[in-house]
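Chemist: let me see the structure of the following:
(one chain, ligands or ions: 1)
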Amino acid sequence: MLVPAKEMLQKAKAGHYAVGQFNINNLEWTKCILTAAEETKSPVILGVSEGAGKYMAGYKTVVGMVNGMLEEMGITVPVALHLDHGSYEGCMKCIEAGFSSIMFDGSHYPIEENVAKTKELVAICKEKGLSLEAEVGAIGGEEDGVVGMGECADPQECKMVADLGVDFLAAGIGNIHGKYPANWQGLSFETLDEIQKLTGELPLVLHGGTGIPDDMIKKAIDLGVSKINVNTECQLVFAEATRKYIEAGKDQEGKGYDPRKLLKPGSEAIIAKVKEKMELFGSVGQA
Ligand code: 13P
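Modeler: Here you go, the predicted structure:
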């Protein structure tokens, strides 16, 4: 059964580790991430962007697929199904469809509007039993065609949104989605530290997990990050393994063109990558 992400993240914050949010794109992604979580006894959050939801034929399809897998694969670890960077309308649709957790990304609105909309969703999520992530300070990079530079959130604004009763908070600290440019300045630990001091026990979320050096990840966890989002890195290892398979001509040997064979190296690469991240984040054995 799907669970909200609140409890697993509170536990992570208290235990000084982080739970990974791995974004899903299709059946293979979902199955691989669940396999990695079960094999490592790690709690996990499946992230679905609005674009990915559309690609997978809608949120109801996603809920049906994930619930089916939890049962048929005999998954015992805590799993949350979470809308990633949701609009207000997207959040309403996912609540309706049966997600267990949502993110409302109002970071592009003036702070007053972000606060007002987040507040409404806090009330709805409390009533329906879902967990809610809010965002302050836009996270840069490209996601679903939206491009932005990595910002640093205003710690006072973070406190304002935290006090609304959200369950966890994403704050920009110079992180961006996708690959980091060669001239990237790194994470602003100063900003993170200030935010953490003002928001206390609230679990903080680090987006753009791909390409952040391991030592920075560990320091971010030390400073209060309890959820780390990873998407691009799984896509890169999947593409690389699939390319190698095709370049080696394996799709032309026997029934190598069968999608169950063709997608296998990429799937194995995702499982290995997710396990590696779970190890780094410290969530292994925490289920
Ligand atoms: P990456 O694609 O950079 O790993 O970021 C994922 C993310 O933050 C999803 O919200």
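
Chemist: ranges for the strands of the stretch 151-287 of the chain?
Modeler: Using DSSP state E, counting those that start in this stretch, the strands found in the stretch 151-287 of the chain span residues 168-171, 176-177, 204-206, 225-230.

Chemist: now mean neighbour count, distance to the ligand and mean pLDDT too, for the ones you listed, in JSON lines please.
Modeler: The C-beta positions use only the backbone N, C-alpha and C, and glycine is treated the same way. Converted to JSON lines, the strands of the stretch 151-287 of the chain look like this (neighbours: other Cβ atoms under 10 Å; distance: least, Cβ to the nearest ligand atom, whole Å; pLDDT from 0 to 100):
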{"stretch": "strand 168-171", "mean neighbour count": "28", "distance to the ligand": "8", "mean pLDDT": "96"}
{"stretch": "strand 176-177", "mean neighbour count": "24", "distance to the ligand": "4", "mean pLDDT": "91"}
{"stretch": "strand 204-206", "mean neighbour count": "26", "distance to the ligand": "8", "mean pLDDT": "98"}
{"stretch": "strand 225-230", "mean neighbour count": "26", "distance to the ligand": "3", "mean pLDDT": "98"}
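
Chemist: in TSV: these, plus distance to residue 79.
Modeler: Below are the strands of the stretch 151-287 of the chain laid out as TSV (distance: least, Cβ to Cβ, whole Å):
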stretch	distance to residue 79
strand 168-171	16
strand 176-177	23
strand 204-206	17
strand 225-230	14
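
Chemist: which positions in the protein make contact with the ligand?
Modeler: The chain comes close to the ligand at residues 23, 47, 84-85, 177-178, 207-210, 229-233, as judged by Cβ under 6 Å from any ligand atom.

Chemist: helices or strands next to the longest strand along the chain in the packing?
Modeler: For the chain, the strand with the greatest residue count under DSSP state E is strand 79-86. Applying 3 or more Cβ pairs under 8 Å, 6 or more residues apart in numbering; DSSP states H and E, we find strand 79-86 packed against strand 19-23, strand 44-49, helix 50-55, helix 59-72, helix 88-97, strand 101-104, strand 131-136.

Chemist: quick one: residue 108 from residue 116, how far?
Modeler: Separation of residue 108 from residue 116 (Cβ to Cβ, to the nearest Å): 14 Å.

Chemist: same question but for residue 204, I mixed them up
Modeler: Distance, residue 204 to residue 116, using Cβ to Cβ: 22 Å.

Chemist: what do you get for residue 38?
Modeler: For residue 38, the distance to residue 116 - Cβ to Cβ - is 40 Å.

Chemist: now residue 11
Modeler: Look at residue 11 and residue 116: by Cβ to Cβ, they are 31 Å apart.

Chemist: residue 201 now?
Modeler: 24 Å.

Chemist: of these two, who's got more company?
Modeler: Set residue 201 next to residue 116 and count neighbours by other Cβ atoms under 10 Å: residue 116 wins out with 13 against 10.

Chemist: helices or strands up against the helix or strand harbouring that one?
Modeler: If you go by DSSP states H and E, residue 116 is part of helix 111-128. Applying 3+ Cβ pairs under 8 Å, 6+ apart, we find helix 111-128 packed against helix 88-97, strand 101-104, strand 131-136, helix 155-162.
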